[in-house]
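[1] predicted model, plus sequence, below.
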Amino acid sequence: MEIKVDDFKQSGLYLLFPGGRQIVLTREKIEAFAHVFETNLDQIPVEIRGAVAFQACPVCPEKDRAKFCHALPATLAFFEELKGFKSFDHVGAVYKGREQGLVLTPKTTMQEALQFVVIFSLMYYCEVGKKYWKYFLGIHPLLGPEEMITRIHLNVYWDCKGDKQKVTEVLRSFGDEITCTCRCQVERLGLICKNDALMNAFVNTQAQIEWLAMTEDALLEQSFEEFLKNG
C-alpha cells in the first residue's frame, strides 16, 4: 500500500479500499451533518422519534430537555457511505491526528476502524462523554483494545494524582456511564439503520470499558510496566 502524507490533509480517519476508493471520516463532515440533522428532525419518522431508545440516555444530564441524543448525528454522519460493508470486511486505514503524524494500519476490520466514530461521538457530542473527555487523550481509533484501556487507565491515574480511592471511584462511574451510553446508542442505531459494523464498534468499545472497570488493580500495574518500558 503506497501512502503519501500529502494525500491526507485533514485530521481524521481514512478507510482505504482496493481500486483507490476511500471513505473519509473527519470532524468537519460530522459537524456539517450534525447541523443539518438538528435543523431537520422531520427526516426521522415520527414513530422512531417517539421511541424510548431514541431519547437521551438515563444518565444524560440533558435527558429532560434534549429532543434526541446529541451523539446521534456524529454516529450517523457516514451512514450512507458505510452501507453494504460488514463488521469483518477487511480495510486499510490511516489516522491523522491534529498533533501527531500518520498512523497506518494496512489491514484491519470495519468494526475496529469505526471506533473512530464511537470515540469521537463520546468525546465531543455525548453529554456524558464530555465529562470524561480528558481520559480519552492520546487515544486514536487504530489502537488495540489493551493499548486503549491502558492509556485510559493512566489518564485517570494522573488526573487523580495517584489517589487509589479516587481512581477506583472515577473508573467505576466512567465505566457505568460510558457503557450505558454505548448500549443506548446500539439500541438507537437498531431503530434507524442496520449497519452491523457501526453497531459492533459501539459494542466493542462498551466491552473494553467494562474490562477496564473489572481489571483495574492488575491493569494499573501492567500500565506502569508498559509506560516504563516504552518511556
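    Looks like it arrived, so ask away.
[2] all the strands of the chain, residue numbers only.
    Along the chain, the segments classed as strands by DSSP state E run 12-16, 22-26, 90-96, 102-109.
[3] for the longest one, list the C-alpha coordinates in PDB.
    Extracted as PDB, the C-alpha positions of strand 102-109 are listed here (Å, rounded to 0.1, in the frame of the first residue of the first chain):
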ATOM      1  CA  LEU A 102       0.100   9.500  10.400                       C
ATOM      2  CA  VAL A 103      -0.800   6.200  12.000                       C
ATOM      3  CA  LEU A 104      -1.100   3.400   9.400                       C
ATOM      4  CA  THR A 105      -2.800   0.000   9.700                       C
ATOM      5  CA  PRO A 106      -2.500  -1.800   6.400                       C
ATOM      6  CA  LYS A 107      -5.200  -4.400   7.300                       C
ATOM      7  CA  THR A 108      -8.000  -4.100   9.900                       C
ATOM      8  CA  THR A 109     -11.700  -4.700  10.000                       C
END
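[4] roughly how far is it from the heart of the chain?
    Relative to its chain's centre, strand 102-109 lies at 17 Å (Cα atoms, centre = their mean, to the nearest Å).
[5] got the angle for it vs strand 12-16?
    Here the directions of strand 102-109 and strand 12-16 differ by 50 degrees (axes from the mean of the first three to the mean of the last three Cα atoms, to 10 degrees).
[6] quick one: mean pLDDT for strand 102-109?
    Predicted confidence along strand 102-109 averages 82 (mean pLDDT).
[7] try the third one
    Confidence for strand 90-96, expressed as mean pLDDT, is 88.
[8] same question, stretch 161-180
    For stretch 161-180, the per-residue pLDDT values average out at 88.
[9] please apply the same query to stretch 119-132.
    86.
[10] likewise stretch 65-75?
    Model confidence over stretch 65-75 averages 82 on the pLDDT scale.
[11] endpoints of it, how far apart?
    Here the two ends of stretch 65-75 are set 20 Å apart, with distance taken as Cα to Cα, to the nearest Å.
[12] so how far is it off the chain centroid?
    Taking the mean C-alpha point of stretch 65-75 and that of its whole chain, the gap between them comes to 15 Å (Cα atoms, centre = their mean).
[13] for residue 127, see how far away residue 64 is.
    12 Å (Cβ to Cβ, to the nearest Å). The way it works is simple: take the backbone N, C-alpha and C, and place the C-beta from them, glycine included.
[14] can you check residue 211 too?
    In this structure, residue 211 and residue 127 are separated by 24 Å, where distance is defined by Cβ to Cβ.
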